[in-house]
Structures are given as C-alpha cells and as structure tokens.
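> sequence? don't have it. structure:
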C-alpha cells in the first residue's frame, strides 16, 4: 500500500455526465486521472466507444475491461433469482461492493494509484476517534446515492473520492461539463437497470429469456379468498397497482407475494403501510449494531427514493434487525434494502425480509 501514489486516481468512467464531470474536477485538484470502463455485458461496443471519446477529449487514459462473467454470476443471477422467488431486488446494491468498487480497487492497485473515484452523489468522512471512514449522504438530497452503497467496506471507503458529493444541485454538474464543452452535458440520467434495455424488453421478458418460467396462480385477498388468476409472481412487486389484469371494481394493490404457494395478495392502499420492517444479512459500519436487548434511534430509508424516517432499531436475537417506525412506511418490499442513518452518516443496513 505504501507504494501506491496518492497523486493518482482510477475513476469509473461510464460515458455519462456525472462521471465525466468527476474526471474534470479531479484533474482540477492536480490528480492524474485514469479512466476505467467496465463492460458489464461484454459486448457494449457503443458504450465503450462513448467513454473512449470522452476520455480522449479530456486527455486522460482509459482502461476498458470485460467484467460480464462476474457480473452475470453475481448480479444478474441474483436479480433473476430474487424476482422468481417473489422479491424485488436492487442490482446496484449488489453490484457496488462486489463488482464496481472491487474492480476499481483491483485496477488502482495494478496501476499504482491510491485513490479510486466515481460520479456518485455521496460523501465520505474520516473519524479520528474510531480510525474509520464513514459514508455520508450527498449534499443533493434528491440525488443522494448513499443508499446504494451502504454495503461498502473500509477497503473502499478509505480510498474513494466522490467529487460530486458536495454539489447540492445537478445543474452544477452540467455547468462544469458545459463549460468544458463535453457533448454529454445535457444527456438524461441513465436507466435504473443497466443490463436491460427497457426500450426493447421489460424485465419480465428478460427473465423469461433467461429461462425463468412464469407460472400462473391465484390472486387472493387477505382472508385467502380467491379473486382471480395472476400471470406468475415474477410479474409483481409490493405496492403495484397497474398491470394487474384484474378488475375488482375498486383500486387494488399488491400487498403480499407468497412464493411458496404461488399466491399474490391484493388489498387496498391502507394495507401497504407498516410500522415495523424486518431485515436480514445486515452490515454495520462500526459497533453501532444493537445487541439483544439494546435499541438505537435512527433515520431509515426503505427504498432509494423514499425520505428518511424516524425509527428505533433492535436486534431480533438471530442476526436480523427490526426497525420500528414512528410513522408507518408504505410498501416496504422484500428484496429491497433498508438503510440506517445517524446525523446523515450511514451506519448500516440490510435486505428487507
């Protein structure tokens, strides 16, 4: 580690405006920037070419790597497995620690660079007392992406730079790119699922193309009464209202998915609100995880776009965490993540069970 240069940084360069602006800001700080484009599909020549054009324009070297084998095995298979078992995954949460930041660290070590960087809207802070780095919310509350990176460990947090973390408005990002004359300064944000072209196929069609069968079953109400037939549990997610294919004479929402019995429960909007959320496979940044019998006051987010809400977290005695909210949360969805914050710092999180 002592041989790595703190004047060099390997930046994840996707070709989008965020990572491009991050590259410009890092150069302004006097750092030697090496771009890194990881091809998650293995055949994205268009994306690689766009990243190379931007790198050439900014005068930085670009490394392109095919990471599709690992990405398929770790991220895509998890995505398909979760949907086929009635859960709603967030592939970015899985990708960040296991692919994106892992690969950035590997390339940085190989290139002799101490730092890594991305265009995420988040921040890191070093705490001398605990000798640890902590992930913190970005200044732009609407664009904050700390939720997606709560599973990062000290290996990444101690070396990552988020140049856009202090920007409180996306327009500032575009202004930097615009001033430099980057052609992507006005491009729209990338789609949520990077490996599915939603203009060509839906995620349901993608799952079927991957060999996952959609087996019809029963729509039921909360009492178990059969209401009709669904098209297969992988077509639904908690809180869904549109595309149910059933008319009940009143608004109906998916309130529960029972994969074992291949049943989808429908109910009204009020049934989506819960005061408690249980999570498994939790990770914590330090010793803040409550032991059995202990509790901790936090702000918690049950999905990326939701606002942090006051909650008390306790251990379930078996490795899981119970979050008890002051105000009920709508459509807490198995497979999604719940992330815990104290004073804007990420202290942990897990997968909603």
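That came in fine, so what should we check first? All figures in this text were calculated on a predicted structure; none of them were measured in a lab.
> How many neighbouring residues does residue 327 have?
As a burial measure, residue 327 scores 10 neighbours (other C-beta atoms under 10 Å). All C-beta spots, glycine's among them, are computed from the backbone N, C-alpha and C.
> what's the helix or strand for it?
Element membership for residue 327 (DSSP states H and E) is strand 321-330.
> what comes up buried for that strand?
Along strand 321-330, these residues count as buried under the neighbour rule (16 or more other C-beta atoms under 10 Å): 321, 322, 323, 325, 329, 330.
> for the top strand by length along the chain, packing partners?
Looking across the chain with DSSP state E, the single longest strand is strand 273-284. Counting contacts by 3 or more C-beta pairs under 8 Å, 6 or more residues apart in numbering; DSSP states H and E, strand 273-284 is packed against strand 321-330, strand 337-342, strand 345-352.
> which residues sit against that strand?
For strand 273-284, contacts defined as C-beta atoms under 8 Å, 6 or more residues apart in numbering pick out 150-151, 289, 300, 302, 316, 319-325, 328-330, 332, 337-338, 347-353.
> swap in stretch 138-151?
Applying C-beta under 8 Å, 6+ apart, the contact partners of stretch 138-151 are 90, 92-93, 96-97, 101, 120-123, 135-137, 162, 164-170, 283, 301, 304, 337, 339, 341, 346, 348-349.
> rerun that using 7 Å as the cut-off
Contact with stretch 138-151 is made by 92-93, 96-97, 120-123, 135-137, 165-170, 283, 301, 304, 337, 339, 346, 348-349, as judged by C-beta atoms under 7 Å, 6 or more residues apart in numbering.
> Show me where the stretch 101-250 of the chain has its helices.
101-111, 154-157, 170-180, 203-209 (DSSP state H, counting those that start in this stretch).
> So for the first one, what gets flagged as buried?
Taking 16+ other C-beta under 10 Å as the basis for neighbour counts, the residues of helix 101-111 that come out buried are 101, 102, 103, 104, 105, 107, 108, 109, 111.
> Pull out the buried residues from stretch 109-119.
Going by neighbour count (16+ other C-beta under 10 Å), the buried part of stretch 109-119 is 109, 111, 113, 114, 115, 116, 117, 118, 119.
> whoops, stretch 26-36 was the one
Quick answer for stretch 26-36 (16+ other C-beta under 10 Å): 26, 27, 31, 32, 33, 34, 35, 36.
> and if you look at stretch 263-279?
Residues of stretch 263-279 classed as buried by neighbour count (16+ other C-beta under 10 Å): 263, 264, 265, 266, 272, 274, 277, 278, 279.
> Could you export those as TSV, including pLDDT and distance to residue 14?
Converted to TSV, these look like this (pLDDT from 0 to 100; distance: C-beta to C-beta, whole Å):
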residue	pLDDT	distance to residue 14
263	98	40
264	98	36
265	98	39
266	98	39
272	98	35
274	97	36
277	98	32
278	98	35
279	98	30
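> Just give me the closest of these to residue 58.
Using C-beta to C-beta, residue 279 is the member of the buried residues of stretch 263-279 that sits closest to residue 58, with 41.1 Å.
> Skipping adjacent residues, who's closest to that closest one in space?
Closest residue in space to residue 279, ignoring its immediate chain neighbours: residue 350 at 3.5 Å, by C-beta to C-beta, 6 or more residues apart in numbering.
> before we move on, the earlier item: the longest strand of the chain versus strand 345-352: what angle between them?
For strand 273-284 against strand 345-352, the angle between stretch directions is 110 degrees (axes from the mean of the first three to the mean of the last three C-alpha atoms, to 10 degrees).
> So which of the helices of the stretch 101-250 of the chain is nearest residue 41?
helix 203-209 (12.3 Å).
> That closest one - contacts with which helices or strands?
helix 77-84 (3 or more C-beta pairs under 7 Å, 6 or more residues apart in numbering; DSSP states H and E).
> Now the helix it packs on: buried residues?
Buried, per 16+ other C-beta under 10 Å, within helix 77-84: 78, 79, 80, 82, 83, 84.
> ok, then the element right after the host helix or strand of residue 25?
In this assignment (DSSP H and E), residue 25 forms part of helix 17-28. Downstream of helix 17-28, the next assigned helix or strand under DSSP H and E is strand 32-39.
> That following strand packs against which elements?
With contacts defined as 3+ C-beta pairs under 7 Å, 6+ apart, the packing partners of strand 32-39 are strand 5-12, helix 17-28, helix 45-58, strand 61-66, helix 101-111.
> which stretch in the helices of the stretch 101-250 of the chain is the model least sure about?
Mean pLDDT per stretch puts helix 170-180 lowest among these, at a mean of 92.
> Which elements pack onto it?
Using 3+ C-beta pairs under 7 Å, 6+ apart, helix 170-180 sits against helix 17-28.
> if we can go back for a sec, what's the closest of the buried residues of stretch 109-119 to residue 47?
Taking those together and measuring to residue 47 by C-beta to C-beta, the closest member is residue 119, at 14.8 Å.
> Quick check: closest non-adjacent residue to that closest one.
residue 18 (3.2 Å).
> Brilliant, that's me finished.
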